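Asker: Pasting a predicted model and its sequence here:
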Amino acid sequence: MINTDFAIRSFKGGYDDNFQFILTCLQSRAQMCIDAALPFETVRPFIDGAFVAMLITHTHGDHIAFIDEYLEAFPELLIVIHEDSAGRISALNVHPALDGEQIQVGQLLIDVLHTPGHFPDSCCYKLENVVFTGDTLFVGRTGRTISQGSDTGKLYRSVYDKLLTLPQDTIIYPGHDYGRSPTITIDKNIEISPLLQAANEQDFIERMAAFEASRNQPL
Ligand SMILES: [Fe+2]
């Protein structure tokens, strides 16, 4: 399917090769950001429509680092964030996001997928053949489960039940540039990622443990 009514601009920077995105509805010129990982000054030149919303993938510090700068410039900005963390954001307009709901920005309809595991309030945002995956799914692997509140079993269910089951040509836009390319389709990602080839939850947990152990090996 060819989509002609929205545009995605990617920015890379922040604390750890973070990605931030501007998503523009080309019919209405409504614009939104995915995460606030880069300074407002970096993104500002590319805001040329009606900047109305910011979708937060989760509340790890690097993903919301610059949110106050955006709110200072756009106090009315609608902050979309999982309901569990809505109280953590001080903004005029906060939308507590629920799994399975659809959010309209301009003419665009965005599906909220609650995907706990990397972090309890992790959400992915799906628009047609594109899904913004935050730290739940990267190019080449899943997110890690080493922070307080992480849960590898929940990550398995989020990734395997909610993301890998999407149409296989869906393109993921992750929260960091950790892979061999900035984006990838679901089917290609499964092909290149041992962590996406687990037989079941237990197998995934074992693969994650092996992955973490390998990271700790001295080079
Ligand atoms: Fe994270």
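Answerer: Everything's here; your move.

Asker: mean confidence score for stretch 23-38?
Answerer: On average, the pLDDT along stretch 23-38 is 97.

Asker: give me the beta-bridge partners of the residue positioned nearest the centre of the chain?
Answerer: With distances taken as C-alpha atoms, centre = their mean, residue 134 lies nearest the centre of the chain, 2.4 Å away. Taking DSSP bridges, one obtains residue 174 as the residues bridged to residue 134.

Asker: The protein against the ion: which residues are in contact?
Answerer: With C-beta under 5 Å from the ion as the criterion, the chain meets the ion at residues 60, 135. Where you see a C-beta, it was placed from the backbone N, CA and C, and this is true even at glycine.

Asker: So which residues of the chain form helices?
Answerer: Secondary structure of the chain by DSSP state H: the helices cover 40-43, 67-73, 152-157, 186-192, 201-215.

Asker: Please verify my assumption that residue 164 contacts residue 186.
Answerer: Yes - the pair residue 164 and residue 186 passes the contact test of C-beta atoms under 8 Å, sitting 6.2 Å apart.

Asker: Just want to know which of these two has more residues nearby.
Answerer: Remark: of residue 164 and residue 186, residue 186 carries more neighbours, 21 against 16, as counted by other C-beta atoms under 10 Å.

Asker: roughly how far apart are that one and residue 163?
Answerer: Distance, residue 186 to residue 163, by C-beta to C-beta, to the nearest Å: 7 Å.

Asker: anything in contact with each of the two?
Answerer: residue 172 (C-beta atoms under 8 Å, 6 or more residues apart in numbering).
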